[in-house]
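*Asks:* coordinates only, sequence not included:
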């Protein structure tokens, strides 16, 4: 004991294990907490009736027709999850090269928003602003000579955001990563009287391999092999660039920002929240979800513990909210704790 004390001046007076040894002191000394208020549930909607189809690449996650979506949302509301994020799967026959359906005021997402808000006016509804579910090629914007044209895309995104705001969504979430789109959308929303419609910007969205299951879920995979989005989504090697992107979106009028993916980019979540002091959300994306789900299915880890641990990581990094396909399971675990 004397030798240990000599090597560690604080020991034995300081024993960090003392606090960890009792349930009450672990609770009192916890630096971060995960609550239901932190959760946002992403949902996939399809046209039709009576549809609840499991997404093969995302076991345990489903696409819903609007009638079944409303039943599912009742469970979400009863769990007191404060918000949902909507994503459509569009029939191939309705897609074209410019994503025309995205700007139609009676498209699937707009109909879903109107129905949801008529029944659950206090539930936060976030609409994705991007063209990839609506285009034949699967890109987030308009292609000109094989390249996504930034400014022409922004003009379409403005129209998409406006029809979503008109339908009654609480927030539009541009996920396209076009330059200048936040300022353009904010100006258009304000001009049309939607000053209270929030912009939750995917300000730091990386060109990631973790989106594969999501692209399957919304049917945005191109038939022409792999889609390269690295000309507009961010380089995974860069962190300072993320802070520049986020700062630009803040200055352009974003109300909150999203870092996507989540777990591989906890450093970006931390820097955004600590350096910029701005409401920062993290998106635990489809690839992250599927890895945990498959590992659990093979009995390689405890699913319940992995869900809570992974979501706590976002809170520890500074996220004020988390988009996760585990939101319902997490809410149940939190309420049963």
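*Replies:* Received, thanks. As the structure is a prediction and not an experimental result, all values here were calculated from the model.
*Asks:* so in terms of bridging, what pairs with residue 257?
*Replies:* residue 201, residue 280 (DSSP bridges).
*Asks:* tell me which residues touch it, please.
*Replies:* In this structure, residue 257 makes contact with 200-204, 246, 249-250, 272, 278-281, judged by CB atoms under 8 Å, 6 or more residues apart in numbering. C-beta here means a position set from N, CA and C on the backbone, and glycine is covered the same way.
*Asks:* 7 Å instead, please
*Replies:* For residue 257, the contacting residues are 201, 203, 246, 249, 272, 278, 280, 281, by CB atoms under 7 Å, 6 or more residues apart in numbering.
*Asks:* again with residue 113
*Replies:* Contacts of residue 113 by CB under 7 Å, 6+ apart are 125, 127, 164, 167, 168, 169.
*Asks:* distance of the fourth one relative to residue 88?
*Replies:* The one in question is residue 167. To residue 88, residue 167 is 13 Å away according to CB to CB, to the nearest Å.
*Asks:* now do the third one
*Replies:* In this structure, residue 164 and residue 88 are 11 Å apart, going by CB to CB.
*Asks:* do you have the strands of the stretch 1-150 of the chain handy? List them.
*Replies:* Here the stretch 1-150 of the chain has its strands, by DSSP state E, counting those that start in this stretch, at 39-46, 52-54, 62-65, 83-89, 124-129, 143-144, 147-148.
*Asks:* so which of the ones you listed gets nearest residue 237?
*Replies:* When the strands of the stretch 1-150 of the chain are compared by CB to CB, strand 147-148 sits nearest residue 237, at 21.0 Å.
*Asks:* got the angle between the following helix or strand past the closest one and strand 83-89?
*Replies:* Using DSSP states H and E, the helix or strand that follows strand 147-148 towards the C-terminus is helix 150-167. Put simply, helix 150-167 runs at 120 degrees to strand 83-89, going by axes from the mean of the first three to the mean of the last three CA atoms, to 10 degrees.
*Asks:* need the residues that contact helix 150-167.
*Replies:* Contacts for helix 150-167 (CB under 7 Å, 6+ apart): 99, 102-105, 109-110, 113-114, 127, 129, 131, 141-142, 144, 172, 174, 176, 178-181, 184-185, 188-189, 192, 194, 197.
*Asks:* recalculate using a threshold of 6 Å.
*Replies:* 102-103, 105, 110, 113-114, 127, 129, 141-142, 172, 178-179, 181, 184-185, 188-189, 194, 197 (CB atoms under 6 Å, 6 or more residues apart in numbering).
*Asks:* and it, what's buried?
*Replies:* 150, 153-154, 156-158, 160-167 (16 or more other CB atoms under 10 Å).
*Asks:* please apply the same query to stretch 96-108.
*Replies:* 98, 99, 101, 102, 103, 107, 108.
*Asks:* could you tell me which residues make contact with the last one?
*Replies:* If I follow you right, that is residue 108. Taking CB under 6 Å, 6+ apart, we find residue 108 in contact with 47, 88.
*Asks:* any weak-confidence spans in the stretch 101-250 of the chain?
*Replies:* 222-226 (pLDDT under 70).
*Asks:* wouldn't residue 255 be in contact with residue 196 here?
*Replies:* No. Residue 255 is beyond contact range of residue 196, at 10.1 Å (criterion: CB atoms under 6 Å).
*Asks:* out of these two, which sits in the busier spot?
*Replies:* residue 255 (16 against 10; other CB atoms under 10 Å).
*Asks:* count of neighbours near the closest residue in space to that one that isn't next to it in sequence?
*Replies:* Distances taken as CB to CB, 6 or more residues apart in numbering place residue 198 nearest to residue 255, at 4.3 Å, with adjacent residues excluded. Using other CB under 10 Å, residue 198 has 19 neighbouring residues.
*Asks:* distance of residue 198 relative to residue 133?
*Replies:* Using CB to CB, we find residue 198 at a distance of 21 Å from residue 133.
*Asks:* what of residue 199?
*Replies:* Distance from residue 199 to residue 133, by CB to CB: 19 Å.
*Asks:* got it, and residue 291?
*Replies:* Taking CB to CB, one finds residue 291 at 23 Å from residue 133.
*Asks:* who has more neighbours, these two?
*Replies:* Of the pair residue 291 and residue 133, residue 133 is the one with more neighbours under other CB under 10 Å, namely 24 against 15.
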